[in-house]
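Visitor: Using only what follows, build the 3D model:
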Amino acid sequence: MVSLVEDMTGDHPARPVLVLSNRADAGGLEKARARGIPTAVVDHRPFGADRPAFEDALTHMLDQARPDILCLAGFMRVLTEGFVTRWQGKMLNIHPSLLPKYKGLHTHQRAIDAGDTEAGCSVHEVTAELDGGQVLGQARVPVLADDTADSLAARVLVQEHRLYPMVLRRFAQGDRSRIDLT
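Guide: Here you go, the predicted model:
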């Protein structure tokens, strides 16, 4: 989130209008407040298994802020088809693997366990299929012989902070062509 916000200055076609989290203790909220960006929290726990009701509360907050694009960054809730459809073509996510490989969780350990020689991250459009939307950018890093999931994750995170702002800038300009970084 911070990398995106820091890039949204000058001639950037987008500006942050809200940082929204489902966790009141999310570190990005304080970082956003310190930068003068409005924040909101919709705790998913009171909604239990009623995901549509949780998403209605998210939608209410989003409708007030009126964003043109939603950028997911560390939002670890699976969104329903109804929510995704409402924002179709306007929602991006960053995922810590070279999609379509390793959708879901534990991506770094899965790459190591598979003997992959490279790993990375992907920015993709959000669709109803988990981590299944069009990939708009990827960045690659080598998997080293002594890597752990944590050491690999740290190197991938550096690339996430490079890639996501580049993709967002182009996406906000209407450019959905793919970016590949090495």
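
Visitor: hey, let's count contacts and neighbours off CA atoms from now on
Guide: Will do.

Visitor: Now do the helix or strand containing Ala119: distance to the chain's middle.
Guide: Per DSSP states H and E: Ala119 is located in strand 118-125. Centre-to-centre, strand 118-125 and its host chain are 10 Å apart (C-alpha atoms, centre = their mean, to the nearest Å).

Visitor: same for that strand, what does it pack against?
Guide: Other helices and strands packing on strand 118-125, by 3 or more C-alpha pairs under 8 Å, 6 or more residues apart in numbering; DSSP states H and E, are strand 91-95, helix 107-113, strand 135-142, helix 149-172.

Visitor: what's the most buried one of those?
Guide: strand 91-95 (a mean of 23; mean count of other C-alpha atoms under 10 Å).

Visitor: can you list contacts of it?
Guide: Residues from elsewhere that reach strand 91-95, judged by C-alpha atoms under 8 Å, 6 or more residues apart in numbering: 69-73, 121-126, 131, 160, 164.

Visitor: if you set the cut-off to 6 Å instead, what comes out?
Guide: With contact meaning C-alpha atoms under 6 Å, 6 or more residues apart in numbering, strand 91-95 is reached by 69-72, 121-126.

Visitor: Of those, which is the nearest to Val84?
Guide: In terms of C-alpha to C-alpha, no member of these lies closer to Val84 than Val126, at 7.0 Å.

Visitor: Verify the stated contact: that closest one with Gly133.
Guide: Yes - here Val126 reaches Gly133: they are 5.2 Å apart, a contact under C-alpha atoms under 6 Å.

Visitor: Show me which of the two is the more surrounded one.
Guide: When Val126 is set against Gly133 and neighbours are counted by other C-alpha atoms under 10 Å, the residue ahead is Val126, at 26 against 19.

Visitor: That one and Ala111, how far apart?
Guide: For Val126, the distance to Ala111 equals 22 Å [C-alpha to C-alpha, to the nearest Å].

Visitor: does Met91 have beta-bridge partners, and which?
Guide: In this entry, Met91 is beta-bridged to Leu70, by DSSP bridges.

Visitor: just to revisit the earlier point, which one of the contacts of strand 91-95 has the most neighbours?
Guide: That'd be Val123 among the contacts of strand 91-95, by other C-alpha under 10 Å, with 32 neighbours.
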